[in-house]
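In: build me a model from this:
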Amino acid sequence: MDDSGLPTSSSSTTPAGSTTTSTPNEINALREQFESLRHLVVSLLVLAVVVTGTFDLFLWRQVRFLHSDRVQAEQMIGDYQKNRAPFMDEFVRRVVAYGQSNKDFAPIMMKYSLVKPAGTNAPPPPGANPTAPPMPSQKK
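Out: Model (predicted):
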């Protein structure tokens with residue numbers, strides 16, 4: 001065998017133990033196929049490295065954009081909490097105070113859940129599952 005792993009002699013042994021003769025043309029054809037296969041494997045490895053590098057670059061850019069978006073979102077949330085939320089809370093407080101002094105405004109306050117419904121005849125809030133009394137068992 002030579003350094004490529006192919007036999008160099010013109011005869012080889014089959015699994016049954018009989019000897020067959022190979023011509024130099026067959027050996028050269030096998031070497032060409034082996035070299036072609038080696039070239040293909042190396043090309044695929046280089047392609048895999050290039051694709052992996054491109055994907056890594058894409059992920060790195062996505063992380064960079066995500067970081068900048070996170071910073072902007074934190075700024076927007078901070079602005080909301082400092083400037084807008086107190087105004088909204090004050091508005092709701094004033095609406096509730098108005099609703100308590102003006103009973104005609106009660107349906108609107110109930111629609112937007114600004115006050116709890118009064119009395120026991122009020123329907124349960126959406127999503128509440130009132131418990132029903134158990135059904136009596138029937139014997140035959």
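In: count of residues packed around Gly99?
Out: Neighbours of Gly99 under the rule other Cβ atoms under 10 Å: 19. All C-beta spots, glycine's among them, are computed from the backbone N, C-alpha and C.
In: now tell me which helix or strand of this structure has the poorest mean pLDDT.
Out: Ranked by mean pLDDT, DSSP states H and E, the weakest helix or strand in the chain is strand 11-13, scoring a mean of 51.
In: helices along this structure, start to end?
Out: 24-79, 85-101, 106-111 (DSSP state H).
In: most neighbours per residue, which of those helices?
Out: When those are scored by mean count of other Cβ atoms under 10 Å, the highest mean neighbour count falls to helix 106-111 (a mean of 13).
In: residues in contact with that helix?
Out: 95-96, 99, 115, 117 (Cβ atoms under 8 Å, 6 or more residues apart in numbering).
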